[in-house]
Each structure stands twice: as structure tokens, then as C-alpha cells.
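Novice: okay, here's the prediction I keep looking at, along with the sequence it came from:
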Amino acid sequence: MEESVNDDDRAALFIRLLAEHERRLAAYVMTFVSSASDADDILQETKIWLWRSFDQFERGTNFGAWARQAAFYRIQQFIRKRGTEGKRFVFSDTCLEQLADAFEKNVESREERVERLSDCVSRLSPKHRQILTLRYGEELAVDEIAGRINRTVAATYRVLSRVRLSLRDCVLGGGEDFVATSEVAQ
């Protein structure tokens, strides 16, 4: 019975870590592979390998880096296969490694910006958060948003533009001196 509890804990840990890193892993793969269906295939193969090899993962180390390294090998295999099929221009392994290194160097700064963005969004008025949710969460067109919030399309574009600029300034400024409501609004 002890073994099944450990297996359950192991599966729960894997699922939690994968969920935390899944978007960044997908972005990483898309850095190298432009086709969404090819990227999905590589991601699927990577996730299968990660699960099968999860016993090799050292807890307390960087799961994201480990997952990206696993994806990198699958990307290399994919690109080599495409090259031998004569379907695409193929980057050398050295070039691929340089791209991977550049991606890794920017991971921390991207994570910091995402955290700052989340903080800046939380400071927005509820109405502005609603507009952002409609636009980027529900992926509605601006005319649909305008109808939902009872504004003209032009006014909705202006509000979205001001909110975006405010968020950009907040993120780039580290969140200091962020004005979340009256200057952006109306």
C-alpha cells in the first residue's frame, strides 16, 4: 500500500511541475519549430519522455530547465529528420545550442516581467480588468467588447490602448508609481 501512495505523490508532483512549466515549454519549442502541429507533436513526445524519466529528475532542481533540455533533444531529432527528408532548411547543432542558450538566459527576466504584469493587472480597476479579460481571456473582438460594456468601438479602442500603455509602463518601471484607475480610464 505504501508504494501506491508514493506513486500517487509522484504523479501529483509531476502534474504540478508540468502545469507550472507547460506554457514556457511550449514557447520554447515554438522558438525552434514554427508549425503548431509539429510543435504539438514535439511537446507530446517530450511530456511522455518526462513522465517515463521522472524518477531521474532530482527534486529541488529546476524542472523547467530539465524539461527544456528534454525538449531540445526532441527538437534536434525533428530538425535532423526534416533535413534528411529535404523538406526544410536545417540549422546546425551549434546554432540550435546557441538559440537554446539565448532562451535560457532570458527565462528569468521573462518570469520577472510576468510577475510584474500580474501585479500591475491586479492594481487595475475591476472594469479595466474585465475589459482585458474579455479581450485576452475570452479573445473577443473589440466590437464585441464594446457591445458588452455599452461603449462605442472607438471608446473601447481608446480604453484598451490606455490600459495597455499603463501596463507597459508599470511593467517596465517595475510597478512603481503605477496609476491604475482614473488616468487610464474613461
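Specialist: Okay, I see it.
Novice: do you know how far residue 9 is from residue 53?
Specialist: 17 Å (C-beta to C-beta, to the nearest Å). C-beta: built from backbone N, CA, C; applies to glycine.
Novice: ok, residues contacting the strand or helix carrying residue 38?
Specialist: Secondary structure from DSSP states H and E places residue 38 in helix 36-52. Contacts to helix 36-52, defined as C-beta atoms under 8 Å, 6 or more residues apart in numbering, come from residues 14, 18, 25-26, 29-30, 33, 57, 66-67, 70-71, 74-75, 78.
Novice: so how far is it from its chain's centroid?
Specialist: 16 Å (C-alpha atoms, centre = their mean, to the nearest Å).
Novice: pull the number of nearby residues for residue 94.
Specialist: 8 (other C-beta atoms under 10 Å).
Novice: and if you look at residue 33?
Specialist: 22.
Novice: name all residues that make contact with it.
Specialist: Contacts for residue 33 (C-beta under 8 Å, 6+ apart) come out as 39, 42, 75, 78-79.
Novice: against which helices or strands is the helix or strand hosting residue 22 packed?
Specialist: In this structure, residue 22 sits in helix 2-32 according to DSSP H and E. Other elements packing on helix 2-32 under the criterion 3 or more C-beta pairs under 8 Å, 6 or more residues apart in numbering; DSSP states H and E are helix 36-52, helix 63-84, helix 93-122.
Novice: for the last one, what is the average pLDDT?
Specialist: Model confidence over helix 93-122 averages 73 on the pLDDT scale.
Novice: and the first one, by the same measure?
Specialist: Confidence over helix 36-52 (mean pLDDT, whole number) is 94.
Novice: what comes up buried for that helix?
Specialist: Residues of helix 36-52 classed as buried by neighbour count (16 or more other C-beta atoms under 10 Å): 38-39, 42-43, 45-47, 50.
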